[in-house]
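**Student:** Here you go, sequence then predicted model.
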Amino acid sequence: MNRDIMGKAVLVTGGAGFIGSHLVDRLIDSGVEKVFIIDNMFLGNEKNLSNALNKGAVLYKDDAEIYSTLEYIIKENQISIVFNCATKALNYSFVNPSNAYMTNVNIMVNLLELQRKGLFKTLCHFSTSEVYGTALYTPMDEKHPVDPTTTYAAGKAAADIMLGSYVKMYDLDAFIVRPFNNYGPRQNYEGKLAGVIPITISKILSGQMPEIHGKGLQKRDFIYVEDTADAVLKLYPVLSPGDTVNISANGMIEIKDLIHKITKIMNYEGQILYKDRRVSDVDCHNASNKKFLSIVPFDFTPLEEGLKKTVEWYNNHLQKR
Ligand SMILES: NC(=O)c1ccc[n+]([C@@H]2O[C@H](COP(=O)([O-])OP(=O)(O)OC[C@H]3O[C@@H](n4cnc5c(N)ncnc54)[C@H](O)[C@@H]3O)[C@@H](O)[C@H]2O)c1
């Protein structure tokens, strides 16, 4: 494979979200012709794109589950590459399981149908480590069984399988990147859909106690979001159609240790609130990034450094509200 993004028109679905907006920034810096974004603003925020929009990116506040909408945007702008980041956050599946599932499936079938009909050339789809479920062995490589514990992850797994079948049937140029838990600037920190790192930071900043669910022994493998965007662009030219690659820094940490790291960085000496464990919370996510590193060399941002940058961003961002 030797794909090139230079001079191409690119569409990022879910590009006003956390990872998508960082990817948009990277794409703009990488010399694409123009970046288009479709985001229904379910969790996306236009502020995440302020830099990108100033540099000429175009945002469609619209729904990628609607086939004709995607068809129109792709045709109108002669898109040749699509990065599929759109999804409804994992936690949403606890309150609306069927819609969390269907969003992932509907967007994927729309994209694959449009690609099959020749409307664009290359599809880079964002899967998630959640499709593996709780680890049967660690570190989890790409051959780990897929056994989702939430409907969100089931929808992502269905989308992945659909992509594989379309590649086999129609010889499409489509492949899968599978990030593990991301953290960093712009991650949603509000409400039930927020992730553990931004919740903890924002609680401490607003004078509340940080929380640990259960004993905090759940293990996660965190990667700094800018590393993920860089990794995807490094993998883009070389991944084979139908291929899947984990993207992780392979640095497992227990949630309680993570919370303690954050409290230390933020000089928080108050109490921690222990709450009941969330149903379906997977016990362990530790990725093998062997395949990734065998394809591209990479220096990951150390967790401590990434957490410091993240705390600094929320500090500035939340102070301005
Ligand atoms: N954040 C992580 O730790 C993580 C880990 C592994 C995989 N991923 C994957 O990376 C991708 C991006 O995740 P994220 O963390 O940036 O999530 P995010 O929620 O911040 O971004 C997803 C975006 O999709 C948009 N969206 C939802 N439904 C839509 C629809 N019907 N049409 C158009 N836009 C829609 C949302 O508004 C949001 O801006 C997802 O595919 C996710 O599964 C994320």
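**Tutor:** All right, it came through fine.
**Student:** use CA for all of it now, contacts and neighbours both
**Tutor:** OK.
**Student:** before we move on, which element is residue 142 in?
**Tutor:** Assigned by DSSP states H and E, residue 142 belongs to no helix or strand.
**Student:** The one 10 residues further on now?
**Tutor:** Following DSSP H and E, the helix or strand that holds residue 152 is helix 151-170.
**Student:** Same question for that helix: list its buried residues.
**Tutor:** 151-160, 162-164, 166-167 (16 or more other C-alpha atoms under 10 Å).
**Student:** next one: stretch 269-283
**Tutor:** 272, 282.
**Student:** Alpha carbons of it, as CSV, please.
**Tutor:** The C-alpha trace of stretch 269-283 is given here as CSV (Å, rounded to 0.1, in the frame of the first residue of the first chain):
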residue,chain,number,x,y,z
GLU,A,269,-4.9,16.5,49.5
GLY,A,270,-8.6,16.0,50.2
GLN,A,271,-10.7,12.8,50.4
ILE,A,272,-11.7,10.5,47.6
LEU,A,273,-15.3,9.3,47.4
TYR,A,274,-15.8,5.6,46.9
LYS,A,275,-18.9,4.6,44.9
ASP,A,276,-20.5,1.4,43.7
ARG,A,277,-18.9,-0.3,40.7
ARG,A,278,-20.6,0.3,37.4
VAL,A,279,-22.4,-2.7,35.8
SER,A,280,-20.5,-4.1,32.7
ASP,A,281,-17.4,-2.2,33.5
VAL,A,282,-14.6,-4.3,32.0
ASP,A,283,-11.9,-5.4,34.4
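**Student:** ok, which stretches of the stretch 1-150 of the chain are strands?
**Tutor:** Per DSSP state E, counting those that start in this stretch, the stretch 1-150 of the chain carries strands over the ranges 9-13, 34-38, 58-60, 81-84, 122-126.
**Student:** quick one, which of the ones you listed is nearest to the ligand?
**Tutor:** strand 122-126 (4.7 Å; C-alpha to the nearest ligand atom).
**Student:** Which strands border the closest one, and is each parallel or antiparallel?
**Tutor:** Strand 122-126 has the following strand partners under DSSP bridges: strand 81-84 (parallel), strand 173-179 (parallel).
**Student:** Could you list the residues of the stretch 51-200 of the chain in contact with the ligand?
**Tutor:** Residues of the stretch 51-200 of the chain lying close to the ligand (C-alpha under 6 Å from any ligand atom) are 62-65, 85-89, 103, 126-129, 179-182.
**Student:** The lowest-mean-pLDDT helix or strand in the chain and the ligand, any residue contact?
**Tutor:** When the helices and strands of the chain are scored by mean pLDDT, DSSP states H and E, strand 219-221 comes last with a mean of 88. No: against the ligand, strand 219-221 shows no contacts by C-alpha under 6 Å from any ligand atom, the least distance being 9.6 Å.
**Student:** Which neighbouring elements make contact with that strand?
**Tutor:** Strand 219-221 sits against strand 252-254, with contacts defined as 3 or more C-alpha pairs under 8 Å, 6 or more residues apart in numbering; DSSP states H and E.
**Student:** Report the central residue of the protein.
**Tutor:** residue 19 (4.9 Å; C-alpha atoms, centre = their mean).
**Student:** Now for it: which residues touch it?
**Tutor:** 85, 182, 225, 228-229 (C-alpha atoms under 8 Å, 6 or more residues apart in numbering).
**Student:** how close does it get to residue 185?
**Tutor:** 10 Å (C-alpha to C-alpha, to the nearest Å).
**Student:** What is the neighbour count of residue 67?
**Tutor:** 16 (other C-alpha atoms under 10 Å).
**Student:** follow-up on the earlier one: deepest of the strands of the stretch 1-150 of the chain, which one?
**Tutor:** strand 9-13 (a mean of 26; mean count of other C-alpha atoms under 10 Å).
**Student:** So what touches that strand?
**Tutor:** The list of residues contacting strand 9-13 from outside it, by C-alpha under 8 Å, 6+ apart, reads 20, 24, 32-39, 64, 74, 77-86.
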